[in-house]
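Q: sharing a model prediction with you, sequence too.
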Amino acid sequence: MDYFQIFSIIGSVVLFGLIINFIRLGILKEKYSVLWIACSLAILVLSVKKEILDYIAAFLGVAYPPSLLFLVAFMFVLLIILHFSVVISIFHEKNKILAQEITLLKNALREAGIKVNGEGRDEK
């Protein structure tokens, strides 16, 4: 077992442990952790079973199999970035709709004769 393989195994186990800890602490929601868990497990499997990594590298024509491990990790990171971009886009649209609805509610309150201050609290 060479240093690169040991480093890869330790790195993927640490990443998996961090993800699980973040979920446990409530810092990371389960629905956003799926890709991170898949990434750490894929890297772990490819690190432990070097034969699988060598076979896939030979099949794809990659001369140095450990570089394939970085390619797999990079592809997962791209998927995670794409996933978060979609989530941000959805939240942006929902935020815009909420701001419009709040404005409509404030206008309805003003028309009903209720004063509304700038912080969203109403004064009678």
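A: Nice, thanks for sending it over.
Q: next, find the distance separating E93 from Q100.
A: In this view, E93 and Q100 are 11 Å apart by Cβ to Cβ, to the nearest Å. Using the backbone N, CA and C atoms, a C-beta is placed for each residue, glycine as well.
Q: same deal with I88?
A: Separation of I88 from Q100 (Cβ to Cβ): 19 Å.
Q: for G26, same thing?
A: To Q100, G26 is 31 Å away according to Cβ to Cβ.
Q: neighbour count: those two, which is higher?
A: A count of neighbours by other Cβ atoms under 10 Å puts Q100 above the other of G26 and Q100, at 10 against 7.
Q: what residues does that one make contact with?
A: Applying Cβ atoms under 8 Å, 6 or more residues apart in numbering, we find Q100 in contact with no residue.
Q: can you check K29 too?
A: Contact analysis of K29 by Cβ under 8 Å, 6+ apart lists I23.
Q: can you check the pLDDT for it?
A: Per-residue confidence (pLDDT) for K29: 87.
Q: list the buried ones in stretch 23-42?
A: Neighbour-count burial for stretch 23-42 flags I23, L28, S33, L35, W36, C39, S40, A42 (criterion: 16 or more other Cβ atoms under 10 Å).
Q: if we ignore the residues flanking it in sequence, what's nearest the fifth one?
A: Spelled out, that is W36. The shortest distance from W36 to any residue other than its chain neighbours is 4.8 Å, reached at I19 (Cβ to Cβ, 6 or more residues apart in numbering).
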